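Peer 1: whatever this is, show me its structure:
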Amino acid sequence: MKRVNAEKKGIRVLAIAESFGRHAKQSVLAGVVMRRDLVVDGFVFGLATVEGDDATDAIVAMHRSLYRDDISCIIIDGQVISMYNIIDGQRVAEEAGLPVVAVTFEDSIGLEGAIRHHFPDSWPAKMEQYERIGGREKIVLRTGKALYARCWGLTTRRATALLNAFTLQGALPEPVRVAKTAARAAANAFC
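Peer 2: Residues are numbered from 1 along each chain as shown. Next comes the predicted model:
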């Protein structure tokens, strides 16, 4: 697995975010490759099923489709996307051979109740999948804003340095912001 060196000028990350409409059956995933100097260096798109179990596969396929060996880390906007399509960060890290950081921006008590409500027939399996992702750690960025992260293949300290390198203001790292914007635009255009 690659080692993340956030101080390296040419470091590149792949950030992935999603967007979907109210009645959509699929969510659009957008990935942006961004250098540390905030230059966008590539895009990739994928789809995940709303209320499905295919988000992990979609992210792995998106990374593979880039055919790049210069990406140092994958940053995912959330780990439970597309109405409880749970991303296995460990599997993404293993299959991509890259560290993974999943970020969220609000503290929460968890999704147990919502999962039981939305999946009355299959909630035990979905809960087992949800529990495997583990807890989040609060990270306070140099901007003074906080976010919450889960990390695979790198320490929280290295993840904090990486997120600081890519965050201009607030708590939203620039690659994630651009990926969210691209996902919204694609979802609005095609869904």
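Peer 1: neighbours around the closest residue to residue 146 other than its chain neighbours, how many?
Peer 2: Residue nearest to residue 146 in three dimensions, not counting chain neighbours: residue 140, with 5.0 Å by Cβ to Cβ, 6 or more residues apart in numbering. Where C-beta positions appear, they are placed from N, C-alpha and C, glycine not excepted. If you count neighbours by other Cβ atoms under 10 Å, residue 140 ends up with 12.
Peer 1: from residue 171, how far off is residue 140?
Peer 2: Using Cβ to Cβ, to the nearest Å, residue 140 is found at 9 Å from residue 171.
Peer 1: who touches both of those two?
Peer 2: Here residue 140 and residue 171 have residue 146 as joint contacts, going by Cβ atoms under 8 Å, 6 or more residues apart in numbering.
Peer 1: just to revisit the earlier point, so the residue nearest to residue 146 touches residue 156, yeah?
Peer 2: No - using Cβ atoms under 8 Å, residue 140 makes no contact with residue 156, being 11.3 Å away.
Peer 1: what do the two both touch?
Peer 2: If you check residue 140 and residue 156 against Cβ under 8 Å, 6+ apart, no residue is contacted by both.
Peer 1: residue 86 is in contact with residue 55, isn't it?
Peer 2: Yes - assessed by Cβ under 8 Å, residue 86 is found in contact with residue 55 at 7.0 Å.
Peer 1: more neighbours: the two, which one.
Peer 2: Set side by side, residue 86 and residue 55 show more neighbours around residue 55, with 28 against 21, by other Cβ under 10 Å.
Peer 1: the spatially most central residue of the chain and residue 60: what is the separation?
Peer 2: By Cα atoms, centre = their mean, the chain has its centre lying nearest to residue 76, at 1.0 Å. Residue 76 sits at a distance of 12 Å from residue 60 (criterion: Cβ to Cβ).
Peer 1: equivalent analysis for residue 166, please.
Peer 2: Using Cβ to Cβ, residue 166 is found at 22 Å from residue 60.
Peer 1: just checking, residue 1 touches residue 92?
Peer 2: No - if you go by Cβ under 8 Å, residue 1 and residue 92 don't touch, sitting 11.6 Å apart.
Peer 1: show me what the lengthiest helix in the chain is packed against.
Peer 2: Counting by DSSP state H, the longest helix found in the chain is helix 174-190. Using 3 or more Cβ pairs under 8 Å, 6 or more residues apart in numbering; DSSP states H and E as the contact test, the elements touching helix 174-190 are strand 12-19, strand 26-35, strand 40-49, strand 71-77.
Peer 1: could you list the alpha-carbon positions for it in CSV?
Peer 2: C-alpha atoms of helix 174-190 as CSV (Å, rounded to 0.1, in the frame of the first residue of the first chain):
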residue,chain,number,x,y,z
GLU,A,174,-11.3,20.9,-2.3
PRO,A,175,-11.3,17.5,-4.1
VAL,A,176,-14.4,16.5,-2.3
ARG,A,177,-16.1,19.8,-3.1
VAL,A,178,-15.3,19.4,-6.8
ALA,A,179,-16.5,15.8,-6.8
LYS,A,180,-19.8,16.8,-5.2
THR,A,181,-20.2,19.6,-7.8
ALA,A,182,-19.5,17.1,-10.6
ALA,A,183,-21.9,14.5,-9.2
ARG,A,184,-24.7,17.0,-8.8
ALA,A,185,-24.2,18.3,-12.4
ALA,A,186,-24.2,14.7,-13.8
ALA,A,187,-27.2,13.7,-11.8
ASN,A,188,-29.1,16.8,-12.9
ALA,A,189,-28.2,16.2,-16.5
PHE,A,190,-28.8,12.4,-16.8
